[in-house]
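Enquirer: coords please:
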Amino acid sequence: MPAPTVLVIVAEGFEEVEAITPIDLLRRAGAVVTTASLEPGIHVAGRGGVIVHADATLAAVENSPFDCVLLPGGPGVSRLLKDPRVLDIVRRQHGSGGWIAAICAAPVVLKAAGILEGRRYTAHFSVAADLPAAQFGERVVVDGRLITSRGAGTALDFGLMVVEKLLSAEKAAEVARSICA
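Expert: Residues are numbered from 1 along each chain as shown. Predicted coordinates:
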């Protein structure tokens, strides 16, 4: 079976822990992860000032197929929401039956794309007004091929769940053991 492919879209102001933790765990598990900058260049500053060197710009990969699209949260979510390419990618991913993973405030992008209706999900409490149906007491929620999580403090759980769903529970357990989780 070929390694699963994951697209992680990073926008200026993304939450570093919510992006880097799942990227690291997925790569340890053998997934092929592509980080794509929403910005015109490949260097993107996170909310804490950490500069990430993305693998590509979103423009270069937006029409490529991926097994999973992962959206980190943080203040950068407002930029994701304003970019029609992101909404199109999410809609296409959903329509093709692919995996979608979103953490913190990023589930608001899924709502804007029209894919949360009737689904179970969680998010950061800061978006409670936008997502009143969120299961805020849950660290990670899986509903079909949708994986959501609350925020930076749940990024490890989120990343391991994405590994479990894309690869296997055994692989997730192996990665968790290797990092003493």
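
Enquirer: what about the longest helix in this structure?
Expert: Scanning the chain for the longest helix, with DSSP state H as the assignment, gives helix 16-29.

Enquirer: Can you classify the residue positioned nearest the centre of the chain by secondary structure?
Expert: Central residue of the chain (Cα atoms, centre = their mean): residue 70, 2.5 Å from the mean position. Look at residue 70: counting by DSSP: H, G, I helix; E, B strand; the rest coil, its state is strand.

Enquirer: related to what we said a few turns ago, for the record, mean pLDDT for the longest helix of the chain?
Expert: Here helix 16-29 scores 98 as its mean pLDDT.

Enquirer: and the end-to-end length of stretch 19-38?
Expert: From its first residue to its last, stretch 19-38 covers 14 Å (Cα to Cα, to the nearest Å).

Enquirer: So the residue nearest to the centre of the chain versus residue 36, what's the distance?
Expert: 10 Å (Cβ to Cβ, to the nearest Å). For the C-beta atoms, the positions are set from N, CA and C on the backbone; glycine is no exception.

Enquirer: anything in contact with each of these two?
Expert: The contact sets of residue 70 and residue 36 overlap at 7-9 (Cβ atoms under 8 Å, 6 or more residues apart in numbering).

Enquirer: Among the residues you listed, which lie within strands?
Expert: Within these, residues falling in strands by DSSP state E are 7-9.

Enquirer: List the buried residues in the longest helix of the chain.
Expert: Neighbour counts over helix 16-29 (16 or more other Cβ atoms under 10 Å) mark 16-26, 29 as buried.

Enquirer: next structured bit after it?
Expert: Note on helix 16-29: by DSSP states H and E, the next helix or strand toward the C-terminus is strand 32-37.

Enquirer: What pairs with that next one, parallel or antiparallel?
Expert: strand 5-10 (parallel), strand 56-57 (parallel) (DSSP bridges).

Enquirer: got those strands as a markdown table, with distance to residue 94 and mean neighbour count columns?
Expert: Output for the strands paired with strand 32-37, formatted as a markdown table (distance: least, Cβ to Cβ, whole Å; neighbours: other Cβ atoms under 10 Å):
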| stretch | distance to residue 94 | mean neighbour count |
| --- | --- | --- |
| strand 5-10 | 14 | 25 |
| strand 56-57 | 22 | 16 |
